[in-house]
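A.B. asks: Give me a 3D structure for the following:
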Amino acid sequence: MNKQTKDRKSRAKPLRFRALLIVVLLLSLCLLLFASTLGGRFGVFHQLTLETLGPLQSALTRAVSGARNVWADYVDLLQVRDENRRLKKLLDSSEEQLASYREAFTTYLRLQEELDFRKGTDFPPLTARVIGKDPAFWFHTVIVDRGENDGVVEGMAALTSQGIVGQVIHVSSNYCKILLAIAPSSAIDVYVQKNRVRGILKGAGEDGYVLHYVLKNADVAKGDRIVTAGIGGLFASGIPVGTVSEVRRKKRGMFLEVQVAPFVDFQRLEFVQLNLSLQQSVTQERIDPARR
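C.D. replies: Predicted coordinates:
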């Protein structure tokens with residue numbers, strides 16, 4: 001036991017010496033730091049400490065600043081994304097409103113044209129809106145929202161400010177069906193406006209019209225205006241129908257083959273004016289026999 005006690009004592013002496021040495025060093029460092037601050041300026045040890053810690057503190061500051069900037073950029077990005085979503089919704093809404101305004105303005109212009117046309121007509125007009133088209137392509141008919149209750153009768157002429165649309169072929173109480181002038185079963189007596197060369201204008205469907213029975217020696221050229229001749233009583237004289245789009249002179253036969261492009265855009269037909277003059281004449285015919 002005495003031997004172990006002696007060993008412990010021999011080991012404790014170096015440990016105590018080391019602890020004492022560390023305390024002395026720490027006190028010396030404190031004294032040096034305190035002494036370096038005296039006299040209004042930093043001492044050598046303090047300067048060495050600053051030189052050592054300065055780069056570390058600078059790097060730490062840059063790292064913290066970079067992290068803050070990254071976070072700030074992330075927050076700004078989230079705000080920009082939300083703002084972009086808000087602006088996109090606003091843009092979509094504005095585009096819808098603009099499309100609605102454009103459609104309303106276009107409708108206004110068309111109605112203004114029809115109103116001016118009504119004021120300039122020499123017959124009692126009845127405005128009708130196109131509400132449907134015949135699904136059978138080859139019939140070329142449209143349905144409008146006017147019928148017997150509005151004074152419409154079969155045979156009435158339908159026109160627009162651009163020209164001839166067609167003729168009423170069927171009538172119900174509140175609706176009627178109009179055979180378009182471009183239908184293959186349609187035929188109109190017309191003439192070339194510049195020289196009164198006459199012919200029969202027949203419908204050619206989507207190709208417009210074909211002018212028949214025009215002699216080869218007739219002066220007909222591309223761009224000539226075609227108007228109604230006023231024969232038959234359905235259409236008055238001088239109503240525009242279309243313009244000559246092509247003239248072909250075949251080797252055989254005595255007539256020209258004349259293609260005519262219609263003035264009326266049948267694909268965008270919205271309103272028509274029905275000529276009520278026929279209704280008045282039919283009513284008069286019904287009254288006259290009663291008086292007799």
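
A.B. asks: And the residue nearest to the spatial centre of the chain, how far from residue 270?
C.D. replies: Nearest residue to the geometric centre of the chain (C-alpha atoms, centre = their mean): residue 99, 5.9 Å. Per C-beta to C-beta, to the nearest Å, residue 99 is found 17 Å from residue 270. Heads up, the C-betas are built off the backbone N, CA and C, glycines and all.

A.B. asks: Have a look at the protein and report its longest helix.
C.D. replies: helix 44-120 (DSSP state H).

A.B. asks: how far out from the middle of the chain is that one?
C.D. replies: 25 Å (C-alpha atoms, centre = their mean, to the nearest Å).

A.B. asks: That one packs against which elements?
C.D. replies: Judged by 3 or more C-beta pairs under 8 Å, 6 or more residues apart in numbering; DSSP states H and E, helix 44-120 is in contact with helix 2-36, strand 125-133, strand 271-275.

A.B. asks: Give me the contacts around the second one.
C.D. replies: Spelled out, that is strand 125-133. Strand 125-133 is contacted from outside by 114, 117-118, 141-146, 150-152, 158, 175-176, 269-276, using C-beta atoms under 8 Å, 6 or more residues apart in numbering.

A.B. asks: Paired strands for that strand, with orientation please.
C.D. replies: Paired strands of strand 125-133, with direction, are strand 141-144 (antiparallel), strand 271-275 (antiparallel) (DSSP bridges).

A.B. asks: Lowest average pLDDT across these?
C.D. replies: Among the strands paired with strand 125-133, strand 271-275 has the lowest mean pLDDT, at a mean of 89.

A.B. asks: report the angle between the axes of it and helix 44-120?
C.D. replies: 10 degrees (axes from the mean of the first three to the mean of the last three C-alpha atoms, to 10 degrees).

A.B. asks: Contacts for strand 271-275 next, please.
C.D. replies: With C-beta under 8 Å, 6+ apart, strand 271-275 has contacts from 110-111, 114, 117-118, 121, 123-130, 144, 146, 152, 156-160, 165, 168, 178.

A.B. asks: Residue 230 contacts residue 236, doesn't it?
C.D. replies: Yes. Residue 230 lies in contact with residue 236 (C-beta atoms under 8 Å); the separation is 5.6 Å.

A.B. asks: Give me the common contacts of those two.
C.D. replies: With C-beta under 8 Å, 6+ apart, residue 230 and residue 236 have no common neighbours.

A.B. asks: element containing residue 232?
C.D. replies: If you go by DSSP states H and E, residue 232 is not part of any helix or strand.

A.B. asks: What's the per-residue pLDDT of residue 135 here?
C.D. replies: 65.

A.B. asks: er, residue 107 actually
C.D. replies: 76.

A.B. asks: Just give the nearest non-adjacent residue to it, would you?
C.D. replies: residue 270 (7.8 Å; C-beta to C-beta, 6 or more residues apart in numbering).

A.B. asks: dump the residue contacts of that neighbour.
C.D. replies: So residue 270 contacts 107, 110, 129-130 (C-beta under 8 Å, 6+ apart).

A.B. asks: 7 Å instead?
C.D. replies: 110, 129-130 (C-beta atoms under 7 Å, 6 or more residues apart in numbering).

A.B. asks: May I ask which of those residues has the most neighbours?
C.D. replies: residue 130 (17 neighbours; other C-beta atoms under 10 Å).

A.B. asks: tell me the domain ranges of the chain?
C.D. replies: 2-64, 125-291 (automatic domain parsing).

A.B. asks: Determine which of the ones you listed shows the lowest mean per-residue pLDDT.
C.D. replies: domain 2-64 (a mean of 61).

A.B. asks: For residue 196, pull up the helix or strand it's in.
C.D. replies: Going by DSSP H and E, residue 196 is not part of any helix or strand.

A.B. asks: any idea how far it is from residue 217?
C.D. replies: Distance of residue 196 to residue 217, computed by C-beta to C-beta: 15 Å.

A.B. asks: before we move on, what about residue 274?
C.D. replies: For residue 274, the distance to residue 217 - C-beta to C-beta - is 40 Å.
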